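In: I would like the atomic coordinates for the input below:
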Amino acid sequence: MKNITEIAWTSRVAQAFAIGVCGAIVSLVATASSETDQYEQTKINFQTEYGNALTKLAQAKARLTASEKALRKARQRDRLKGESRTAIYAEIEAAKVELETAENNAARIPESARRAGVPPGWLREVEERQASAS
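Out: Purely as a prediction, here's the structure:
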């Protein structure tokens, strides 16, 4: 038969073990929650960055198109002289540089996402949203 000290000690060990197990479970849940939050934040960051890059790309294309249209209109009216000519050509060149920068940035993001282990579907979601918004 066990004496009272052995029973009390066994009870305390069982309580300590139970508390330790509960603490480990809470820690695992907190870690899983933290990993889920980090996963979602990574997804949001890549999607936001890619969405912004695609928006800037569309804006750069629109700027170049508008500049070229202004050049055609000026040529049709035969008003392409002096400062206006210089301004239109400068605008076209600036639009081309902006477009090239936007294209490079938009092309860089999927590659960096791939290297980071991001599922390609994350970026496809952004492309689909951009396409449906247009």
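
In: low-confidence ranges in this protein?
Out: By pLDDT under 70, the low-scoring segments of the chain are 1-34, 79-80.

In: now do the helices in it.
Out: Applying DSSP state H to the chain gives helices spanning 4-76, 82-115, 120-133.

In: show me the contacts for Tyr89.
Out: Listed by Cβ atoms under 8 Å, 6 or more residues apart in numbering, the contact set of Tyr89 reads Leu71. Any C-beta I mention is one placed from the backbone N, CA and C, and that applies to glycine too.

In: how far away is it from Glu68?
Out: Remark: distance between Tyr89 and Glu68 (Cβ to Cβ, to the nearest Å) = 11 Å.

In: shared neighbours of these two, which are they?
Out: Counting by Cβ under 8 Å, 6+ apart, nothing touches both Tyr89 and Glu68.

In: residue contacts, the spatially most central residue of the chain?
Out: With distances taken as Cα atoms, centre = their mean, Phe46 lies nearest the centre of the chain, 1.9 Å away. Phe46 is in contact with Ile109, Ala113, Ala116, Val118, Trp122, Leu123, counting by Cβ under 8 Å, 6+ apart.

In: ok, those vs Ser84, which is closest?
Out: Compare each of those with Ser84 using Cβ to Cβ and the shortest gap goes to Ile109, at 37.7 Å.

In: apart from its chain neighbours, what residue comes closest to that closest one?
Out: Tyr50 (4.8 Å; Cβ to Cβ, 6 or more residues apart in numbering).

In: tell me if I'm right that that neighbour and Val118 touch.
Out: No. Applying Cβ atoms under 8 Å, one finds Tyr50 not in contact with Val118, separated by 9.7 Å.
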